[in-house]
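1. Next input, structure requested:
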Amino acid sequence: MIRIDNISRIYGKGETQVIALNNVSLTIKNNEFVAVMGTSGSGKSTLMSILGCLDTPTSGEYLLSGEAIKNIDDENLSKIRNKKIGFIFQTFHLLPRLTALDNVILPLRYSDVEPEEAKQRGLEMLEKVGLTSRWHHKPFEMSGGQRQRVAIARALVNRPQVIFADEPTGNLDSKTSNEIMSLLCDLHSQGQTIVMVTHEEDIAAYADRMIRMKDGEVIEDRLCIKN
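-> Just a heads-up that it's a prediction; the model follows:
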């Protein structure tokens, strides 16, 4: 599914140079649930951006489903993100004037899916996350947990090969966080590959594998022991 070899990401030059990633190599297999941990400045968010094709490495090789990402232009990178990747963000990134359904099907506007099929697929995704009755509500009419469920439905609507979740519970209380993580675990049990960035140990424990980063390097990569 995902393979990176000696990936580095350097910002700036000279005295202002910052090495965000330093020769990172790892492989993530299909249907893995991986948590990436680290303090601020550890490189975890930069790694997520590169794996999600939102940023490009300074050096190294990245293969996504066997396809080399190096030297792909912005237009084709956008197509890869739209077809192969789903994103879940801490701040939801929902458009306030759109209904839950319209937010969910937004990625399909940039594909060849017909409007009626897009609507049906959006309703199916809202059902999957338990929000069928809220399809016509706008973000300000929903709780934080409900908004994150809408964001998860949006991430799923293109039937992505992998979902990248960046601090998906960062703005939620503990009860709602557990509900969202249970939902992600259900999706994983159905075959979804998930890569999640978090700084919370209890949230990382939901994953099957934990990668810990420090100063732009992987310092630990282990399987999580389930109680």
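
2. Quick check: G130 touching R149?
-> Yes: if you go by Cβ atoms under 8 Å, G130 and R149 touch, sitting 6.6 Å apart. Just so you know, the C-beta spots here come from the backbone N, C-alpha and C atoms, and that holds for glycine as well.

3. Pick out whichever of those two has more residues nearby.
-> Comparing G130 with R149 by other Cβ atoms under 10 Å, the one with more neighbours is R149, at 26 against 13.

4. Which other helices and strands does the helix or strand hosting E117 contact?
-> Assigned by DSSP states H and E, E117 belongs to helix 115-128. Helix 115-128 sits against helix 100-104, helix 144-156, with contacts defined as 3 or more Cβ pairs under 8 Å, 6 or more residues apart in numbering; DSSP states H and E.

5. what are the ranges of the helices in this structure?
-> 44-51, 74-84, 100-104, 115-128, 144-156, 174-189, 201-204 (DSSP state H).

6. so how far is K128 from the most centrally placed residue in the chain?
-> The centroid of the chain falls nearest to F164 when counting by Cα atoms, centre = their mean (1.4 Å). Plainly put, F164 is 18 Å away from K128 if you go by Cβ to Cβ, to the nearest Å.

7. and if you look at N71?
-> For N71 relative to K128 (Cβ to Cβ), the value is 36 Å.

8. more crowded one of the two?
-> Neighbours were counted for N71 and for K128 using other Cβ under 10 Å; K128 has more, 18 against 7.

9. hmm, back to that, same list (the helices of the chain) but as CSV, adding mean pLDDT and distance to I219.
-> Compiled in CSV, those are given as follows (pLDDT from 0 to 100; distance: least, Cβ to Cβ, whole Å):
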stretch, mean pLDDT, distance to I219
helix 44-51, 94, 12
helix 74-84, 88, 29
helix 100-104, 97, 38
helix 115-128, 95, 36
helix 144-156, 96, 29
helix 174-189, 95, 24
helix 201-204, 93, 14
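
10. any chance of those helices in TSV, with distance to V34 too?
-> Formatted as TSV, the helices of the chain follow (distance: least, Cβ to Cβ, whole Å):
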stretch	distance to V34
helix 44-51	10
helix 74-84	16
helix 100-104	25
helix 115-128	22
helix 144-156	16
helix 174-189	10
helix 201-204	10
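
11. and of these, who's closest to S59?
-> Across the helices of the chain, S59 has its closest neighbour in helix 44-51 (11.5 Å, Cβ to Cβ).

12. What are the contacting residues of that closest one?
-> The list of residues contacting helix 44-51 from outside it, by Cβ atoms under 8 Å, 6 or more residues apart in numbering, reads 2, 4, 7, 9, 20-21, 24, 36-38, 55-57, 62, 64, 164, 166, 195, 197, 213, 216.

13. where's that helix relative to the chain centroid, distance-wise?
-> Between the centre of helix 44-51 and the centre of its chain there are 10 Å (Cα atoms, centre = their mean, to the nearest Å).
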